[in-house]
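Engineer: Okay, here's the prediction I keep looking at, along with the sequence it came from:
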Amino acid sequence: MFEKPEVLKIASSLAAHAAARQSAIARNVANADTPGYRARDLPDFAETYRAEDAAPLRRTRAGHLGAAPGPAVPAAAERVGGGTMSPNGNSVSLEGEMVKAADVKREHDLALAIYGKSLAILRASLGRR
Amino acid sequence: MSDFGTSLSIAASGMEAQAMRLRHVSENIANADTPGYHRKVTGFETVLDQGQATGEVRLGEVKLDPSELTRVLDPGNPLADENGYYDGSNVDLVVEIADAREAQRSYEANLRMFDQARQMSASLLDLLRR
């Protein structure tokens, strides 16, 4: 039922994207001193959401094969040409990761705020303010 | 929710590895004047679970630095040879302090990641509380 309003769907997949990206960032930071480790990152939410939205497969019957239901979060991939490589083959930049972490936090707060406000609107329309 | 779980465990493994590294640094500093002591060097490695990288990190095997020991001139020392020299340690305090600083910075970065993942999951749970 709550998947119906588009805004709730967008907000929940933005929150899921932020959580997955946070996990990728935590992995980069933990491996900041591991020799040979390459930094990973997720593509932007805007790109992936549009790609997911454009998927033409839609299930009209339960027996059909189609796209998996629910918001799909892409897997973290190695970043190409991002940052400088240190002599031990590690490409993590702690400063860059901190910037991305702040970005993710903002993204997540935004998603939760929108979700919360949308729920408040639904609640207000039901007269249970 | 599982994404926050992995974030927390990865950040915790990073903190643990950096703390172990700091421990080896302090062992080196404590033994800077021990005759014949070779400094310990450590590296990091990724944790594998059934051949798959989990993203966690741990301290690799501890090795001894094979570089030459410093020769200390102290004829009064019982360890001194006929020329008055004995083998000191190969610990360079400046290198150790720099290493300790780096470990501290990385520890703080991991701690921030841990705290952020915790805050994010707490605010997610706050939605349920309304």
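Structural biologist: Alright, I've got the coordinates. Residues are numbered from 1 along each chain as shown, chains lettered A, B, ... in the order given.
Engineer: Sticking with B:Asp115, tell me its helix or strand.
Structural biologist: Here B:Asp115 sits within helix B:93-129, counting by DSSP states H and E.
Engineer: where in the chain is pLDDT low?
Structural biologist: I went with chain A, as the question did not name one. Where chain A drops to pLDDT under 70, the residues are A:1-4, A:51-76, A:79-83, A:129.
Engineer: look at chain B instead
Structural biologist: Ranges of chain B meeting pLDDT under 70: B:1, B:130.
Engineer: hey, where'd the strands end up in the chain?
Structural biologist: If you meant another chain, say so; for now it's chain A. For chain A, the strands defined by DSSP state E cover A:40-41, A:77-78.
Engineer: you looked at the wrong chain, it should be chain B
Structural biologist: According to DSSP E, the strands that chain B contains are B:40-41, B:44-49, B:52-59, B:63-64, B:71-73, B:85-87.
Engineer: how about these in CSV, adding mean neighbour count?
Structural biologist: Glycine gets a C-beta too; all of them are placed from N, C-alpha and C. Formatted as CSV, those follow (neighbours: other C-beta atoms under 10 Å in any protein chain shown):
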stretch, mean neighbour count
strand B:40-41, 16
strand B:44-49, 15
strand B:52-59, 18
strand B:63-64, 12
strand B:71-73, 13
strand B:85-87, 17
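Engineer: Distance to B:Val25 added to those strands, as CSV?
Structural biologist: Output for those, formatted as CSV (distance: least, C-beta to C-beta, whole Å):
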stretch, distance to B:Val25
strand B:40-41, 9
strand B:44-49, 14
strand B:52-59, 12
strand B:63-64, 14
strand B:71-73, 22
strand B:85-87, 22
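Engineer: Report the separation between B:Thr34 and B:Ser121.
Structural biologist: Per C-beta to C-beta, to the nearest Å, B:Thr34 is found 47 Å from B:Ser121.
Engineer: And these two? Which one has more around it.
Structural biologist: Each of B:Thr34 and B:Ser121 has its neighbours counted (other C-beta atoms under 10 Å in any protein chain shown); B:Ser121 has more, 19 against 12.
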